[in-house]
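Enquirer: Whatever this is, show me its structure:
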Amino acid sequence: MVSRRGRSALLKDRSLGHLDPGAVSAYIVLRVVGAVLEKRCP
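Expert: Numbering: from 1, shown residues only. A predicted model of the protein is given here:
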């Protein structure tokens, strides 16, 4: 996905193929929360 906002928008097409750090960290947090909930609520 090509960036349209933020600092990476200056890169335009060069941003294509790079992972968004915020999206990656949100994915990790949600994955951990899901794993904890699965253990606590069978």
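Enquirer: alpha carbons only for contacts and neighbour counts from here, please
Expert: Noted.
Enquirer: right, and residue 3 touches residue 14 too?
Expert: No. Applying Cα atoms under 8 Å as the test, residue 3 and residue 14 come out as separate, 9.1 Å apart.
Enquirer: which of those two has more neighbours?
Expert: For residue 3 versus residue 14, neighbours defined as other Cα atoms under 10 Å are more numerous around residue 3 (17 against 12).
Enquirer: what residues are up against that one?
Expert: By Cα atoms under 8 Å, 6 or more residues apart in numbering, residue 3 lies in contact with 9, 11-13, 15-16.
Enquirer: so can I have TSV of these showing secondary structure?
Expert: Output for those, formatted as TSV (DSSP: H, G, I helix; E, B strand; the rest coil):
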residue	secondary structure
9	helix
11	helix
12	helix
13	helix
15	helix
16	coil
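Enquirer: Now the buried members of the residues you listed.
Expert: residue 15 (16 or more other Cα atoms under 10 Å).
Enquirer: On the three-state scheme, residue 5 is what?
Expert: Residue 5 ends up coil, using three-state DSSP.
Enquirer: Tell me which residue is most central in this structure.
Expert: residue 23 (1.4 Å; Cα atoms, centre = their mean).
Enquirer: roughly how far apart are that one and residue 8?
Expert: 14 Å (Cα to Cα, to the nearest Å).
Enquirer: ditto for residue 19
Expert: 11 Å.
Enquirer: Compare the two (neighbour count), which wins?
Expert: residue 8 (14 against 10).
Enquirer: any weak-confidence spans in this protein?
Expert: Judged against pLDDT under 70, the chain has no low-scoring part.
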